[in-house]
Structures are given as structure tokens and as C-alpha cells.
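Trainee: Predicted coordinates and the sequence they were generated for:
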Amino acid sequence: MIKRAISAGLAIIIVTNMFMFTANANTGSSESFEAYVIRHLEGMASEIDITAYAARDKALAADAPSAFLKIVTDNPQLFHVETKIRTSFKTESRSGNIVEYKYTNIEYNINKNQLALKKRRFDTAAQNALKVVDNSMSDFEKALALHNYLVLNIEYDTTRRKVDIHNAYGALVNGVSVCQGYAMAYKYLLGLLGIESVMLVSEAMEHAWNYVKIGRSWYHVDVTYDDPLLQGKTDQYGRVSHKHFMLSDAAIRKIGHRGWNTGGLPAANSTIYDNLFFRNAESSMVRLGDLWYYIEFDEKNSSQLTNLADINAHNFTTKRTRKIHTINSTWFVAGTNKTSWWQGNYSSLAAYNGLLYFNDSNSLYSLNPTNGETKKLLTVREQDGAIYGFTMKENVISYVVKHSPEAQNTIKRTRA
């Protein structure tokens, strides 16, 4: 039996209080405080004069650094801004009124010449991610598609040493991140679709995840914890967990999350998604037409030498699910003459040009979901190892061949 462990880290402890600044109401400007600060940060200003806003807003004047942190974390496109901040202010000696208030010593992780290029790369990466959604999807389906896209395209940085791992740029462009980057990337993509979300932080867990509004209710989504690792170090290529997707407060507490602060947002009391039909699926959910397809390990009917997994089709409108194919394959432990095997199923699932694609232990296949016809695309030699998952972009299949699920990933490519 293989145990999975996922660890996560934060570069900073993010302030989660939801400040409701209204300073723009009496400044003589229609520009909100947030928009004003963002404009200066995008221009990489070394200091920002916020006197007009702080003089009219007691909450802002009392805790301007927290307001700055909130703006940066609420706007993942500000990936170039460091969260260290200083303030300077002056008051009238008699009245105590603020006469000058500034953010000073603002730091950036790149220079102005680099920013334009990184912005273009960031925008391109975001648009590529949005290709997995369309206007026919509900907000729930869009959130699901983006959740799966990020899990498939980001690798958790167990070293915590790589560049940009704590921001959305590292997650979307570099494909390497820690929990904070996963959460900020998810928030940014959802925001582009008009889906409201915030990043939650638990100091007790040293971890961050998302709080997402679907309809009138809020739910927890932890993209990081749904990106499987083995032994806390090996990325499980092509695998997607859904155990932390759209959970209520009670459900996410039950599986170990604690210590978050929603900053005044409503509690996640709705339990309608707590028992999702695909909760135990560890393949990506892929959509063709009106149907969503996924792989679910059939533990009940599997035996010692027979690992069964079903490819199912689900219609969210009719709420009906049907099995369209069964994968019967075993991942044997190398060097044991097929007397030992790894428990579970290591098949991945993708869709392209109207067909589904999946793998068993030694072959890649296409599957026509309409008539059930399968076609073998390739087979790996037994001495080279087994296939432990794949991902697919357009017609390019990137698949992993190795001798055990814990081994380092060796990626090979073929075309559908």
C-alpha cells in the first residue's frame, strides 16, 4: 500500500481580514483606493501617496499595511510585487489630522524591462487555461474544469526553492508552485470568468486554499491537496484527486483542515456537493458534448491480480451516470516475476477531437465514446517499465514510463 503525503508552505502569512475601504467617497476622485494602488503598482512606483484616502477612512489609517497586503493577494496579476511594505505619515500637532500618509520602500521581484515580457507570458498562460471552459458550462463546471487544468499542469515544488513559487506566475507560466501559487492562480482564473473567490490561509496548517462562491453559497476548494504526491515528493503525473473540491465547512474540517478565517464572508453551510458522485475519481474529469467522463477504481470487484477501473459518463443536467468501458490491468512490482503488484489503478484520461484517451499498465489507447471502439496507440516494453499516467495538449500525449509509482518521472511523447 502506498501512502500519499502532501506538504505546503507560505512565503508570508497573508492577512485575511476583509477590509471594506470607502475612502474614495470623499477624495474628490471616482477612483477607488484599490484601483489607485493597483495603478501605481503596475507602474512599479517606489512609493504611493495615500493621504487623501487615509485622511477620510479610519480603518485604512489604522492598518494601511494590511490593506496593501490584501490588495496584492486579491489581485494575482500583481505577481511582481513583494509583500514587504513600510509606511510613513505626518499629523497635525493640535488636531491629530493626517496631513501625509505614504507607502514607501515598495519592492518588486523584477525590473520594468522584465515586467512587460512576464505580463505577456502570464496573460498567454491564463488564456490557454481558459480554453478548457466555454459559455455552455455552469459556474460549477467551469470551476471543475479549471481545478483539473491546474492540477494537471502544475507540479508541487517540494524543495520550495524555485523562483515565483508563491505567486500565480509560477503556477501558470512555469508550472511549478506551492499552495499559495496554486490558490492565487485559481482565484485569478475564476475571476476572469466572473466567479467570486478568495484565498484562505491557515497559520496552524501553514497552508492556503480557495473559498469559492457558486450560486448563493460558498465552498472550499483545495487545488494543492488535489494534486497527488507519493511519499511527499513524487508528482503523480496525469492524476487528479477531487477529495478537496467544493466542500462545506463541516466536510473540510472532517479531513483535517482547520484554522481559517473567512473575514466576514458567510460560512460554507451548503452540503449539496459533499457527496459528489466523482469524489473518489483520481483521473481528470473531461468533457465531450454534454457529458463529463472520468475513471473510477472499482475496488469492490478488483482482486489480487485484477485491478478494474471504469470509465464513466455523467450528464450534470439529467444527473445520470453510465459506464462506457472497463480497464482491466495490473501494475506489477519490477523484479518480482509478477508476484507483487501496486495496489490501485494508474490510468489517466484525456479528450481530443471527439475521442477519449486512456492508458493501462503498458499501452495507450483511444476510445470512441459513441460506439465503444478502442484503438491501441502504442505499447511499452516490459523491461522499460509501465505507464504511470499521461497528460494531453491538443494531439500531443506526454506519458510517464517507470518501474514504480515512487520513481522519478521519465516523460515521453507521442501524437494521437
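Mentor: Yes, it's here.

Trainee: Any regions of this protein where pLDDT drops low?
Mentor: Applying pLDDT under 70 to the chain flags residues 1-29, 231-232, 302-306.

Trainee: Tell me which residue of it is furthest from the middle?
Mentor: Distance from the centre of the chain peaks at R94, with 52.0 Å (CA atoms, centre = their mean).

Trainee: Wait, a helix at that one?
Mentor: No. Looking at R94 with DSSP: H, G, I helix; E, B strand; the rest coil, it is coil, so not inside a helix.

Trainee: in the stretch 201-350 of the chain, which spans are helices?
Mentor: Under the criterion DSSP state H, counting those that start in this stretch, the stretch 201-350 of the chain contains helices at 249-254.

Trainee: For V198, what is the enclosing helix or strand?
Mentor: Using DSSP states H and E, the element containing V198 is strand 197-202.

Trainee: That strand packs against which elements?
Mentor: With contacts taken as 3 or more CB pairs under 8 Å, 6 or more residues apart in numbering; DSSP states H and E, strand 197-202 sits against helix 179-192, strand 207-214. Glycine gets a C-beta too; all of them are placed from N, C-alpha and C.

Trainee: deepest of the ones you listed, which one?
Mentor: Ranked by mean neighbour count under mean count of other CB atoms under 10 Å, these are led by helix 179-192, which reaches a mean of 26.

Trainee: Can you tell me which helices and strands the longest helix seen in the chain packs against?
Mentor: Under DSSP state H, the helix in the chain containing the largest number of residues is helix 112-129. Contact here means 3+ CB pairs under 8 Å, 6+ apart; on that basis helix 112-129 packs against helix 139-153, helix 168-169, helix 179-192.

Trainee: Name the stretch from those that approaches D360 most closely.
Mentor: When the helices and strands packed on helix 112-129 are compared by CB to CB, helix 139-153 sits nearest D360, at 19.3 Å.

Trainee: Alpha carbons only: can I get the closest one in CSV?
Mentor: Below are the C-alpha coordinates for helix 139-153, written out as CSV (Å, rounded to 0.1, in the frame of the first residue of the first chain):
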residue,chain,number,x,y,z
ASP,A,139,-20.1,28.0,-13.0
PHE,A,140,-19.7,24.7,-11.1
GLU,A,141,-18.5,23.0,-14.3
LYS,A,142,-16.1,25.9,-15.1
ALA,A,143,-14.7,25.7,-11.6
LEU,A,144,-14.2,21.9,-12.0
ALA,A,145,-12.5,22.3,-15.4
LEU,A,146,-10.1,24.9,-14.1
HIS,A,147,-9.4,22.8,-11.0
ASN,A,148,-8.4,19.9,-13.1
TYR,A,149,-6.4,22.0,-15.5
LEU,A,150,-4.3,23.4,-12.7
VAL,A,151,-3.7,20.0,-11.1
LEU,A,152,-2.6,18.6,-14.4
ASN,A,153,-0.3,21.5,-15.3
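
Trainee: Now the element after that helix, going C-ward?
Mentor: Heading C-terminal from helix 139-153 (DSSP H and E), you reach strand 155-156.

Trainee: Point out the other helices and strands that that following strand packs with.
Mentor: strand 176-177.

Trainee: now do 10 Å
Mentor: If contacts are counted by 3 or more CB pairs under 10 Å, 6 or more residues apart in numbering; DSSP states H and E, strand 155-156 sits against strand 176-177, helix 179-192.

Trainee: roughly how far is it from the heart of the chain?
Mentor: 10 Å (CA atoms, centre = their mean, to the nearest Å).

Trainee: Direction included, what does that strand pair up with?
Mentor: strand 176-177 (parallel) (DSSP bridges).

Trainee: how far does the partner strand sit from the chain's center?
Mentor: On CA atoms, centre = their mean, the centre of strand 176-177 falls 10 Å from that of its chain.

Trainee: what's next to that strand, contact-wise?
Mentor: The contact list for strand 176-177 (CB atoms under 10 Å, 6 or more residues apart in numbering) reads 8, 150, 154-157, 159, 162-171, 183-185, 223-224, 227, 235.

Trainee: Equivalent analysis for stretch 121-129, please.
Mentor: For stretch 121-129, using CB under 10 Å, 6+ apart, the contacting residues are 76-77, 79-80, 115, 145-146, 149-150, 153, 167-169, 171-175, 185-186, 188-189, 192, 393.

Trainee: Thank you kindly, that will do.
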